[in-house]
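S.K.: Need coordinates for the below:
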Amino acid sequence: MVTEPPRAGGGSGTSPPSLASQAGEVFAAYVDGRHEAIGELVELLTPLLWQVARAHGCAQHAAEDVVQETWLRLVDHLEDIRDPRAVLGWLVVAVKRESWRNCKLARRNTYDETGTVDPGDVEDGPETLAILTERQGALWAAVGELPERCRALLRVVAFVDRPDYDQVSAALGMPRGSIGPTRGRCLDKLRRALVADPRWVDA
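M.R.: Numbers count the residues shown, from 1 in each chain. This next block holds a predicted model:
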């Protein structure tokens, strides 16, 4: 549950809750059994975690993989977080560790045996970044139009080829056997929405 900011003129003088306290409230709700809260937590913190991964040397797609892996690790290590307010710090540290491990290896692999750089690793230029930003906006707008069940599922599994269905089932309270078919239907709805969006088609 995300606390609403104080209304103008309310005279309360209280400050808006910090991101850490908001995350703590949502995480506590999830631990208490409100399974859909994991989707709220992912939506709240993924932009920050993605930026942390990028700041630690991960390319765009690598950062997405790092954040995805971190969310799955969280579900698998709930008992490690005794104070819900610590969940944001735990996730940031986990993203940094995953970034150091995975993206450092990826950077080493961009050099072939002759010591040249893989052309696919060339830094994105301004035009490319503008296109990617527009496409990302179209993507998340389309995700936002999906039914809540689809949004929660895609926030967790994203576009991973082989998601761990046991962890996803525990995270969302969904039967393991329904995850694959539901994921397929949700991705199909997402594809149709993107095809209809000129920002995605023309970019």
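S.K.: how does this protein divide up, domain by domain?
M.R.: 18-113, 125-203 (automatic domain parsing).
S.K.: any idea which of those domains scores lowest on pLDDT?
M.R.: Of all the domains of the chain, mean pLDDT reaches its minimum on domain 125-203 (a mean of 75).
S.K.: quick revisit: I'd like the domains of the chain written out as a markdown table, with mean neighbour count added.
M.R.: C-beta coordinates here come from the backbone N, C-alpha and C atoms, glycine included. Shown next, in a markdown table, are those (neighbours: other C-beta atoms under 10 Å):
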| stretch | mean neighbour count |
| --- | --- |
| domain 18-113 | 17 |
| domain 125-203 | 15 |
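S.K.: what's the single longest helix in this protein?
M.R.: helix 87-109 (DSSP state H).
S.K.: which strands and helices sit next to that helix?
M.R.: helix 19-31, helix 37-55, helix 60-76 (3 or more C-beta pairs under 8 Å, 6 or more residues apart in numbering; DSSP states H and E).
S.K.: Distance to residue 83 for these - can I get that in CSV?
M.R.: Below are the helices and strands packed on helix 87-109 laid out as CSV (distance: least, C-beta to C-beta, whole Å):
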stretch, distance to residue 83
helix 19-31, 8
helix 37-55, 15
helix 60-76, 14
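S.K.: Residue 191 and residue 139, how far apart?
M.R.: 11 Å (C-beta to C-beta, to the nearest Å).
S.K.: Please apply the same query to residue 29.
M.R.: Distance from residue 29 to residue 139, by C-beta to C-beta: 27 Å.
S.K.: Provide the backbone phi and psi angles at the nearest residue to residue 173 once chain neighbours are set aside.
M.R.: Closest residue to residue 173 apart from its sequence neighbours, by C-beta to C-beta, 6 or more residues apart in numbering: residue 35 at 3.5 Å. Reported as degrees, to the nearest 10, the phi and psi values for residue 35 are phi -60, psi -30.
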